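Trainee: Need coordinates for the below:
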Amino acid sequence: MNVTDIAAADLADSVRTVRETEPLVQHVTNTVTIDDVANLTLHWGGLPVMADSFGDAGEMTAAARALVINIGQVPDDRVEAMHEAGRKANERDVPVVLDPVGLGSTPSREAVTESLLEAVDFAAIKGNYGEISALAGVEANVEGVESIGDYEEIEETARSVADSTGAVVVASGVEDVVADADGAVRITDGHEMLGEIVGTGCMLGATVGTFAGALEDPREAAVHGTLAFGLAGERAAEMPHEGPASFRTNFHDAVAGFDPDEAAQLDLAGRIERVD
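Mentor: Below you'll find the model as predicted:
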């Protein structure tokens, strides 16, 4: 993965392409964070649609530029819609992003994830350290949908998931790791306040999906989307806020105001490190 020499101009070009393309991004997601996911997709420049019923999910996917499947809630009818949308996306060469929310916490989520991986080809998989570790079959501590504990081998773990699935893997944490079959990189940006509001993981999945809907290379979409997400978090923390609620508003504003021309002037030295 030759992205450690990424220039700010490359990131700016990707953000500009997303805004100019305005990709329709179909989400089969959970109701807890659906509003934030839809709005963040819109703020990056995409067009969100949240069709989660069987029939409509597949039909909407057929018109989309990207599909994001989020297993934050797994009632049978939504799982059926996930499979239908995934199959339709594969038929139409629409990139699919999997967000295995809470994987490792219950057998039900493990079964849903396994069934999706058997039936659908994913361009990218985004999860926190615990979820990606559970997906790799190594020890993970996931409580509810939160990743708990230390994951010293997360780069190798993410690589193993990329090898077994053929997808680009984003493992999100204090530092984010993006891995594919060729290697892994560690991205250092973001702010601790992102961990103080519910839904930032889902919003990162939506970001990767939105970038994937506009960019041809899923690796570029994963790296640039993850990098831009963290930089927006840093900008949000610089804006006046009194706590998590006002920071959440700031974050949406920071994404909406992520200006490609300003991004082209950023110093990204040390932000991306090859780790294998």
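
Trainee: now the strands for the stretch 1-150 of the chain?
Mentor: Secondary structure of the stretch 1-150 of the chain (DSSP state E, counting those that start in this stretch): strands at 24-28, 47-49, 66-70, 96-99, 124-128, 142-143, 146-147.

Trainee: And the ones you listed, which one averages the lowest pLDDT?
Mentor: The minimum mean pLDDT among the strands of the stretch 1-150 of the chain belongs to strand 146-147 (a mean of 43).

Trainee: Output the strands of the stretch 1-150 of the chain as a markdown table; include the columns mean neighbour count and distance to D10.
Mentor: C-beta: built from backbone N, CA, C; applies to glycine. Written out in a markdown table, the entries for the strands of the stretch 1-150 of the chain read as follows (neighbours: other CB atoms under 10 Å; distance: least, CB to CB, whole Å):
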| stretch | mean neighbour count | distance to D10 |
| --- | --- | --- |
| strand 24-28 | 28 | 22 |
| strand 47-49 | 19 | 24 |
| strand 66-70 | 30 | 20 |
| strand 96-99 | 30 | 21 |
| strand 124-128 | 31 | 18 |
| strand 142-143 | 18 | 34 |
| strand 146-147 | 19 | 30 |
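
Trainee: right, and those - which one's nearest E59?
Mentor: Between E59 and the strands of the stretch 1-150 of the chain, the shortest gap by CB to CB is with strand 24-28, which sits at 9.7 Å.

Trainee: Run through who's touching the closest one.
Mentor: Outside of strand 24-28, the residues that reach it under the criterion CB atoms under 8 Å, 6 or more residues apart in numbering are 34, 37-38, 41, 46-52, 57, 60-61, 63-70, 78, 81-82, 85, 206, 209-210, 213.

Trainee: Out of those residues, which end up buried?
Mentor: 34, 37-38, 41, 46-52, 57, 60-61, 64-70, 78, 81-82, 85, 206, 209-210, 213 (16 or more other CB atoms under 10 Å).

Trainee: Now do the longest helix along the chain against strand 124-128, angle only.
Mentor: Taking residue count as the measure and DSSP state H as the definition, the longest helix of the chain comes out as helix 218-238. Orientation check (axes from the mean of the first three to the mean of the last three CA atoms, to 10 degrees): helix 218-238 against strand 124-128 gives 40 degrees.

Trainee: Which residue of the protein is positioned most peripherally relative to its centre?
Mentor: When distances to the mean C-alpha position of the chain are computed (CA atoms, centre = their mean), the maximum falls on E242, with 27.2 Å.
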